[in-house]
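Chemist: Quick one, structure for this:
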Amino acid sequence: MAIVKYRRQESGVRNQKSAVRRGPFSLLYYFCSLFMLIPASLFAAEADGLVVRADKLGHEQVRDVITATGNVEIDWSGSKLYTDMASYFRGEERVAAKGNVRFLKGEDSLVGESAEFDIANNNGVVKKGTVFIKSQNIHMTGDTIEKHGEQEYRVENGTITSCDGEKPSWKFKLDDLKLSVDEFAYGKNAVLYLNDFPVFWFPYLIFPAKTERQSGFLIPKAGNSTKRGAFLEIPYYWAAAPNMDMTLTADLQSKRGVGVAVEHRYMGLFGGESKTGGYIIYDAEQSKIRGDIEMKQLVNFSKDTYWRADVSLTLDRNYFRDYGIMSGDYNRQYLGSTAFLSHRMDDLLLTGGVDYLNNLDAPNNRSTLQKLPFVTLNGTGSPLPGTPLFYSFATAVTNLDRSEGDRGQRIQLAPKVQLPFKGGELFYGSLWGGYNQRFYSADAGGQANGFSQQGLFEGGGLLRSELARVYDSPFPEFDRVRHLVMPEISYQTTERRNQSDLPFFDYDDRIVGGQLVTFSLLNTFTGRSTKGERTEYRDMVRFTLSQGYQLSGGRRDLLTLVDSGRPFTDTRLFLEVFPLPAWRLFTDTRVSPYNGNLTNSVVGAEIGDSKGSTVSVSYNNAGTLLDYMEGKVVLADFKPYTFSASGRYSFDKPGFLETSYSIAYKHQCWGVILSYLNRPDNKEITFMFNLSGLGNFKLL
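Modeler: Numbering: from 1, shown residues only. Down below sits the predicted model:
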């Protein structure tokens, strides 16, 4: 094995190199060979180097060319070249290689029969070659492959795919292909092959070859629907800035026309973010423009000043019944929108905003109460100097507006004083008292007009204890188990006063007076496991039982009859069981202490495994108000297939509210999803196809 080390000189000094021949040679031959190959300017200034290794090395002094034969390896600037034979032209800084050429740069490779490389400019040409780009798992072949700079390629009469193997599942065959990593790949006269069978021709093809997000058309979505007819959705993704992007989608429907959807996403300072979307279409079936706007914004101007918005608006009241996509969208009863600006000042929080509600079940929205605008100022947790007391307050000024019914302004002032206490390690709690003052200015048209006011005294207390014990674990997964018991008793009293002379905008204007005592008992079992130096904790059971007793007055309960003969509240049971890390069994149930009937119950289970399969089911009952069950199954254990099914079944109005099924096939380099959705007034089938790595392309 022989080796040559070449140093490129700085300050315009001509490139020089040295050669060292190694092997079973005599000492005299070693030094003679060394001095034959060392130029006179060996000790000039040096820069980045080049190293040539081979079984046999030679030097043509006239042309200043180093020739290498047999197991040739050339290193320069983080690149490696392996070949059978190579010639290095020193003056031109050019390498010519022939036979089993393999060029490596990082995790990328360029292989061919022969090649030439311009070392100074990182350019090269390979004949009968292949390219592999690790970041996108892109494979390219071509009669001629040109490399320009670090990550730009041009391929003549070539193919491109993201599939591994000699016979890829799919590939594009193109006359001329240009690819720039972190930019685009585009080519002419492209034919899509599935295995070796041509299926589609593109006159011009563009797709991303970028390791980061970028602008471009996304995979279209096609299907057929009872309401929409045959449809095709063509989305375009625009990477406007590192912290901002947008998706625009053309929605072509055979029954209703052409719609446009827009979704804008933004990442701001201090963890802020924004997502705004909308859809608009001229509905040919109803001969009118329809659409909606959805906006969720978290904008942080500083750590103390922020903006929040959650807006949902539609152009017509039946929009979601025809265009709702997510489960529960198509049968919405209300659309709520809120937006507010807040500023924190030490223990104070100032907020101003608007609340807008759209009642979709009403004939119109003229009688729906709106808060346009509202301003609140709240103070929390400040100690009273020189005393053990803490004070807090809540204030609100609200303009209550609607076209039909009571409207006006309301001011609420609610100061509160609290005395915390602690009984050593046995218990802790607090006593509190406050006053709830309301002022009104109501406009004509309601039951109480003009100016009115009323104040109510409020008070209460809380006593809590925490008892814990640690046991040796009977479960092999844990070495110790902690049992926490937390009993609690609370008391609340509100002054009872006649409020019929006040306007009635909402339930804040009809505060129910009385005295209520509530008992609760919390139990938590937590397991501890130690693996080496790492300690992990996981709750196994959370259990809460609570019960209230009305000492006097009344209370407001939408699910249970309340009168003087029923002082006990419903008994509430909340239970969560985690038998395994990905398993959860739960119930949140209320039982009447008078007849034993369930007044409200949610019972469910969520089960998963490490492969991604999940099963979830829940039952929801609230007497005569609702009675339904919903569930979802995802089976991911049968790779490369994933099956899913979901449904919602109503018991009060027997029948399925919604069912959906899908099957997905995921190959190493492509995937396909077929889904079916069934609702009472709409049936829809959808097909999506994806090419991994080159999944986003556009046709010109």
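
Chemist: C-alpha only now, for contacts and for neighbours.
Modeler: Will do.

Chemist: Nearest residue to residue 345 in space, please, no chain neighbours.
Modeler: Nearest residue to residue 345, sequence neighbours excluded (C-alpha to C-alpha, 6 or more residues apart in numbering): residue 304, at 7.3 Å.

Chemist: before we move on, what about residue 276?
Modeler: Using C-alpha to C-alpha, 6+ apart, the closest residue to residue 276 is residue 295 (4.2 Å).

Chemist: Walk me through the domains of the protein.
Modeler: Domain assignment for the chain by automatic domain parsing gives 2-209, 422-608, 634-700.

Chemist: closest one to residue 334 among the ones you listed?
Modeler: domain 422-608 (16.3 Å; C-alpha to C-alpha).

Chemist: got the end-to-end distance for stretch 600-620?
Modeler: Separation of the first and last residues of stretch 600-620 by C-alpha to C-alpha, to the nearest Å is 8 Å.

Chemist: Could you tell me which ranges of the chain sit under the pLDDT cut-off?
Modeler: 1-48, 182-183, 207-216, 326-331, 444-448, 558-564, 692-700 (pLDDT under 70).

Chemist: Break down the stretch 301-450 of the chain into its strands, ranges please.
Modeler: Applying DSSP state E, counting those that start in this stretch to the stretch 301-450 of the chain gives strands spanning 305-314, 334-345, 348-359, 370-383, 390-401, 408-423, 427-442, 450-464.

Chemist: Who are the packing partners of the first one?
Modeler: Helices and strands touching strand 305-314, as assessed by 3 or more C-alpha pairs under 8 Å, 6 or more residues apart in numbering; DSSP states H and E, comprise strand 288-300, strand 334-345.

Chemist: three-state assignment of residue 594?
Modeler: coil (DSSP: H, G, I helix; E, B strand; the rest coil).

Chemist: which ones are touching it?
Modeler: residue 566 (C-alpha atoms under 8 Å, 6 or more residues apart in numbering).

Chemist: residue contacts, residue 658?
Modeler: 327, 647, 648, 649, 677, 678, 679, 680.

Chemist: still on that earlier bit, quick check: the residue nearest to residue 276 vs residue 685, distance?
Modeler: From residue 295 to residue 685 the distance is 28 Å (C-alpha to C-alpha).

Chemist: Could you do residue 572 as well?
Modeler: Counting by C-alpha to C-alpha - residue 572 and residue 685 are separated by 43 Å.

Chemist: quick one: which of the contacts of residue 658 sit in helices?
Modeler: Applying DSSP state H to the contacts of residue 658, no entry is found in helices.

Chemist: ok, which pair from those is furthest apart?
Modeler: 649 and 677 (14.3 Å).

Chemist: Tell me which of the helices and strands packed on strand 305-314 sits nearest to residue 318.
Modeler: Per C-alpha to C-alpha, nearest to residue 318 of those: strand 288-300, 9.5 Å.

Chemist: Mind listing residues that contact that closest one?
Modeler: 268-283, 306-316, 319.

Chemist: Which of those residues are buried? Put it as a ChimeraX command.
Modeler: With 16 or more other C-alpha atoms under 10 Å as the burial test, the buried ones among those are selected in ChimeraX as follows:
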select :272,273,274,275,276,277,278,279,280,281,282,283,306,307,308,309,310,311,312,313,314,319
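
Chemist: follow-up on the earlier one: now, of the contacts of residue 658, which are buried?
Modeler: Buried, going by 16+ other C-alpha under 10 Å: 647, 648, 649, 677, 678, 679, out of the contacts of residue 658.

Chemist: Distance to residue 438 added to those residues, as CSV?
Modeler: Below are the buried ones among the contacts of residue 658 laid out as CSV (distance: C-alpha to C-alpha, whole Å):
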residue, distance to residue 438
647, 47
648, 44
649, 45
677, 51
678, 50
679, 47
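
Chemist: With respect to residue 99, which of these is nearest?
Modeler: Taking these together and measuring to residue 99 by C-alpha to C-alpha, the closest member is residue 677, at 57.8 Å.

Chemist: which secondary structure element contains the closest residue to that closest one other than its chain neighbours?
Modeler: Take residue 677 and drop its neighbours on the chain: the residue closest to it by C-alpha to C-alpha, 6+ apart is residue 660, 4.4 Å away. Element membership for residue 660 (DSSP states H and E) is strand 655-666.

Chemist: What's the local residue count around the residue lying closest to residue 496 once chain neighbours are set aside?
Modeler: Nearest residue to residue 496 in three dimensions, chain neighbours excluded: residue 513, at 4.2 Å (C-alpha to C-alpha, 6+ apart). Counted with other C-alpha atoms under 10 Å, the neighbours of residue 513 add up to 21.

Chemist: My guess is residue 659 contacts residue 645. True?
Modeler: Yes - with contact defined as C-alpha atoms under 8 Å, residue 659 and residue 645 form a contacting pair (7.4 Å).

Chemist: Number of residues surrounding residue 386?
Modeler: 6.

Chemist: So it versus residue 348, what's the distance?
Modeler: Relative to residue 348, residue 386 is positioned 21 Å away (criterion: C-alpha to C-alpha).

Chemist: and the longest strand along the chain, which residues are buried?
Modeler: Counting by DSSP state E, the longest strand found in the chain is strand 534-553. Neighbour-count burial for strand 534-553, counted by 16+ other C-alpha under 10 Å, picks out 539-551, 553.

Chemist: Residue 156 contacts residue 144, doesn't it?
Modeler: Yes - with contact defined as C-alpha under 8 Å, residue 156 reaches residue 144; the gap is 5.3 Å.

Chemist: Can you check which residues contact both of those two?
Modeler: Listed as contacting both residue 156 and residue 144 by C-alpha under 8 Å, 6+ apart is no residue at all.

Chemist: Next up, the contacts around residue 655.
Modeler: Applying C-alpha under 8 Å, 6+ apart, the residues near residue 655 are residue 649.
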